[in-house]
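Trainee: dropping a prediction and its sequence here:
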Amino acid sequence: MSDVPLRRYVVANAVALAPSYAALLVLHWSGALAGKPTLLAMLGIAVVTMFLVQRYLGSLMRFARFVGELSGEREPAMPRLFFSPATEELAAAAALLSTAWRRQRASLDNLAASAQAIVDGLPDPLIALDRHRRIVRTNRAARLLLGQVGTERDVSTAFRQPQLLAAIDGLLETAADGNFIAPDQTAVEFVLSGPPELDVVAHLRRLPKPAADGSLALIVLHDTTAQRRAERMRADFVANASHELKTPIAGLAGFIETLRGPARDDASARERFLAIMADQADRMRRLVDDLLRLSRIEQHEHARPDAEVDLSGVLHSVVDLLQLKATSRKVTLDLVLDEALPHAVGDPDELIIVFQNLVDNAIKYTKPATIVRVAARPVGEDRVAVAVSDDGEGIAAVHLPRLTERFYRVDAARSRQLGGTGLGLAIVKHVVNRHRGRLDIQSTPGKGSTFTVTLPAAS
């Protein structure tokens, strides 16, 4: 009786004994039974009934526990209910129902996992919204693009683009009769802030009815950055190349015309003009090479490299490559590497281009018989910095914000004289952006300049 509440046990016994006691009392009052036999009969019936009720209620309690345990992760053993055959049959039916439910739940879980795997496998970011503009589901590409966006949050927490939010509101807007007003699909173009900035086309589609998880609208983001940049690069290439190539081409045309005419038989003039023409042709070659290199870098700027790079090896190779040029200007290259210098995350070939440009510029613009310092050290726990310093004339503060623009020169004549194309720092900026790094420029007129590149460190 310990498993059965006392109140329930008393009530059950009272209900079971009531018919028998009523019959015995009627027989006693009618004179069919004497008082003593009636009391004995009532006592015997009470003992038997209490025993049977206890067993029956115990069976019901075990059945109730069994049904409660069926909702858990482990399937319990079937109880034996000898004093309640009907309850035992119910327990068997409940066990069968639980087994079928578990199989169905496993099937649904597998189906949901397969559906999520398919969604995660999509190359474009996908976001599912409910009727109230809350985020219901995202795929792996969306999480990589936007970070961990929590569900049950308004989509405005992930996007700050008014045109996109207005399009979503229009897609989900309903009339007084509950029907949707706008067409079931639309597209919006916008720029997703970075770095780097991404040109995105958002394709919005409304489902015929809400899905099981509440999804009613789907947003698929298609990255058109490479396409847009290719279009801009073609336009920029034509504009910049035509401007920068105009002078050397005009010079070559003039010298050719002179050699064909007045200087046809002037050997000394011919040699002088041919040397100038060779310099102009070499300048055009360097210009085209830098333009093509810059175009390739810009085209893939949105794709972050993930290789582990030994900065020590990269910087040693750059110093070795430019040692001869430094010696010709009586410049000393001083490479200082921190003992705890970690590897960086990036593309080794592109990082060689970055530091080659910076060290080459330092050699060009520093004073003769001075030192160009290249120092690499860790910054915090997850960054590494490389600083290139010179003892040149320095750069006025007014020029610093524009140094990384294409073809921007502080001293155009001197830059061309030293063989510069005006694209070196633009290339450095775009490579650093692709690596999710940072370029800092500090310069004091008369005291030199320091260019510092900060990159992600390998974990």
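Mentor: Alright, I've got the coordinates. Numbering: from 1, shown residues only.

Trainee: separation between the residue lying closest to A396 once chain neighbours are set aside and V359?
Mentor: For A396, ignoring the flanking residues on the chain, the nearest one in space by CB to CB, 6 or more residues apart in numbering is P445 at 5.7 Å. Just so you know, the C-beta spots here come from the backbone N, C-alpha and C atoms, and that holds for glycine as well. Using CB to CB, to the nearest Å, one gets 21 Å for the distance from P445 to V359.

Trainee: more neighbours: these two, which one.
Mentor: V359 (24 against 12; other CB atoms under 10 Å).

Trainee: now name the helix or strand holding that one.
Mentor: For V359, the host element (DSSP states H and E) is helix 348-365.

Trainee: could you list the buried residues of that helix?
Mentor: Buried residues in helix 348-365, counting neighbours by 16 or more other CB atoms under 10 Å, are found at 348, 350-365.

Trainee: packing partners of it?
Mentor: Helices and strands touching helix 348-365, by 3 or more CB pairs under 8 Å, 6 or more residues apart in numbering; DSSP states H and E, are helix 311-328, strand 371-379, strand 383-389, helix 424-434, strand 448-456.

Trainee: could you tell me the angle between the first one and strand 383-389?
Mentor: On the basis of axes from the mean of the first three to the mean of the last three CA atoms, to 10 degrees, helix 311-328 is oriented at 0 degrees to strand 383-389.

Trainee: give me the pLDDT for the residue nearest to A396.
Mentor: At P445, the model reports a pLDDT of 88.

Trainee: show me where the stretch 1-150 of the chain has helices.
Mentor: Ranges of helices in the stretch 1-150 of the chain, per DSSP state H, counting those that start in this stretch, are 6-29, 35-70, 85-120, 140-146.

Trainee: tell me the mean pLDDT for the first one?
Mentor: In this model, helix 6-29 has an average pLDDT of 82.

Trainee: centre of the chain versus that helix, how much separation?
Mentor: Distance of helix 6-29 from the chain centroid (CA atoms, centre = their mean, to the nearest Å) equals 74 Å.

Trainee: and D223, what does it touch?
Mentor: Applying CB atoms under 8 Å, 6 or more residues apart in numbering to D223 gives the contacts D124, L198, D199, V200, H302.

Trainee: and which of those residues is nearest to P208?
Mentor: D124 (21.9 Å; CB to CB).

Trainee: residues touching that closest one, list them.
Mentor: By CB under 8 Å, 6+ apart, the neighbours of D124 are A141, V220, L221, H222, D223.

Trainee: so it versus A187, what's the distance?
Mentor: From D124 to A187 the distance is 13 Å (CB to CB).

Trainee: again, but for N139
Mentor: 19 Å.

Trainee: which one's more surrounded, the two?
Mentor: N139 (22 against 12).

Trainee: which phi and psi does the more buried one have?
Mentor: According to degrees, to the nearest 10, the main-chain angles of N139 amount to phi -100, psi 180.

Trainee: quick check: R137 touching D213?
Mentor: Yes - between R137 and D213 there is a contact under CB atoms under 8 Å: 6.4 Å.

Trainee: any common contacting residues for the two?
Mentor: In contact with both R137 and D213: A128, using CB under 8 Å, 6+ apart.

Trainee: so between these two, which is more surrounded?
Mentor: R137 (19 against 12).

Trainee: need the pLDDT of that one.
Mentor: Taking R137 on its own, its pLDDT is 87.

Trainee: how about it, nearest residue that isn't a chain neighbour?
Mentor: R137's closest residue in space is A128 (CB to CB, 6+ apart), at 4.1 Å.

Trainee: what number of residues lie near that neighbour?
Mentor: For A128, using other CB under 10 Å, the count is 22.

Trainee: just list whatever residues bridge to it.
Mentor: R137, L218 (DSSP bridges).

Trainee: what pLDDT does the model give it?
Mentor: So, for A128, pLDDT stands at 91.

Trainee: how about it, what does it touch?
Mentor: I135, V136, R137, T138, A211, D213, S215, A217, L218, I219.

Trainee: widest-spaced pair of those residues?
Mentor: D213 and I219 (15.3 Å).

Trainee: least confident secondary structure element in the protein?
Mentor: Scoring the helices and strands of the chain by mean pLDDT, DSSP states H and E places helix 412-417 at the bottom, with a mean of 52.

Trainee: just the strands in the stretch 151-300 of the chain please.
Mentor: 185-192, 198-206, 217-223 (DSSP state E, counting those that start in this stretch).

Trainee: picking up where we left off before, residue contacts, the residue nearest to A396?
Mentor: P445 neighbours (CB under 8 Å, 6+ apart): E393, G394, I395, A396.

Trainee: let's see it at 7 Å
Mentor: E393, G394, A396 (CB atoms under 7 Å, 6 or more residues apart in numbering).

Trainee: and the closest residue to R406 other than its chain neighbours, how many neighbours?
Mentor: Spatial nearest neighbour of R406, excluding adjacent residues (CB to CB, 6+ apart): A426 at 4.8 Å. Using other CB under 10 Å, A426 is surrounded by 22 other residues.

Trainee: ok, back up a step: lowest average pLDDT across the helices of the stretch 1-150 of the chain?
Mentor: helix 85-120 (a mean of 74).

Trainee: what residues does stretch 254-268 touch?
Mentor: Against stretch 254-268 from outside (CB under 7 Å, 6+ apart): A269, R270, F273, I276, M277.

Trainee: list the buried residues in that stretch.
Mentor: Those would be F255, L259, A263, for stretch 254-268 by 16+ other CB under 10 Å.

Trainee: also stretch 218-235?
Mentor: L218, I219, V220, L221, D223, T225, A226, R229, M233.

Trainee: distance of the fifth one from A376?
Mentor: Counting by CB to CB, the gap between D223 and A376 amounts to 33 Å.

Trainee: geometric centre of the chain: which residue is closest?
Mentor: Closest residue to the average C-alpha location of the chain: L144 at 1.4 Å, with CA atoms, centre = their mean.

Trainee: just the pLDDT at the closest residue to that one other than its chain neighbours, thanks.
Mentor: Of all residues not flanking L144 in the chain, P125 sits nearest, at 7.8 Å (CB to CB, 6+ apart). The per-residue pLDDT reported for P125 equals 90.

Trainee: burial check on P125, number of neighbours?
Mentor: 21.

Trainee: how far away is it from S114?
Mentor: P125 is 20 Å from S114, by CB to CB.

Trainee: again, but for R229
Mentor: 36 Å.

Trainee: then G31?
Mentor: Distance from G31 to S114, by CB to CB: 81 Å.

Trainee: please identify which of the two sits among more neighbours.
Mentor: S114 (10 against 7).
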